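**Student:** Sequence plus the predicted model coming up.
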Amino acid sequence: MCLLLGASGVGKTLLVKRLLKLSSGDGKGDLGDPPPTRPTVGTDLTDIVVPRKITIRELGGCMGPIWPSYYGNCRSLLFMMDAANPTQLSASCVQLLGLLSAEGLAEASVLILFNKIDVPCHMTVEEMKSLIRLPDIVACAKQSISTVAVSAHKGTGLADVLHWLQGTGSRQLPRRRRP
């Protein structure tokens, strides 16, 4: 099980739809126009095959207070931040710190997604890492943490996400601790 978490409006639903298309047989090449999305109310389960099946459980951002009830059986965590919304960054950082300190996620591999890098006014990945003090977070975390810049809208970085998902299921892979 892979959890997909983040604040409301960061692009989680679009990410899942794009990953599903990219991982399907017809997803090779052009992703086409972004599909329509609506805010997730509750939880959505999506199976992605990369080449083995991975179930992604997306939880709506407004469900933050009950996220801990979904930590069981979680082997990997995708945490999405909005690179185009600097006012949301500190709240997202607090959410991330809460997730990393949760006992139920102590063994989960974590991929932090900096989404919306296609928006003209977005923060750079280096700016975001600096503002949330990511090197300090990585140094103190129990989990293996990786990062990737993505545009769920345009498809940038999604192949990297699929590659990471494929690798997190293999216990033979070394733990990476690079931000």
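**Tutor:** Here it is on my side, so go on.

**Student:** For this protein, just list every one of the helices.
**Tutor:** With helices called from DSSP state H, the chain shows them at 12-23, 86-101, 125-131, 134-140, 158-168.

**Student:** buried set for the longest one?
**Tutor:** Yep, that's helix 86-101 we're talking about. Across helix 86-101, burial judged by 16 or more other Cβ atoms under 10 Å covers Gln88, Leu89, Ser92, Cys93, Gln95, Leu96, Leu99, Leu100. Using the backbone N, CA and C atoms, a C-beta is placed for each residue, glycine as well.

**Student:** do the same with stretch 127-139
**Tutor:** Quick answer for stretch 127-139 (16+ other Cβ under 10 Å): Met128, Lys129, Ile132, Leu134, Ile137, Val138.

**Student:** for those, which one is nearest Arg38?
**Tutor:** Among those, Met128 lies closest to Arg38 (Cβ to Cβ), at 26.6 Å.

**Student:** Just give the nearest non-adjacent residue to that closest one, would you?
**Tutor:** Distances taken as Cβ to Cβ, 6 or more residues apart in numbering place Phe114 nearest to Met128, at 5.5 Å, with adjacent residues excluded.

**Student:** Grab the nearest non-local neighbour of the most centrally placed residue in the chain.
**Tutor:** The residue lying closest to the centre of the chain (Cα atoms, centre = their mean) is Leu78, at 2.8 Å. Spatially, and ignoring its direct neighbours in sequence, Leu78 is nearest to Leu4 (4.6 Å; Cβ to Cβ, 6+ apart).
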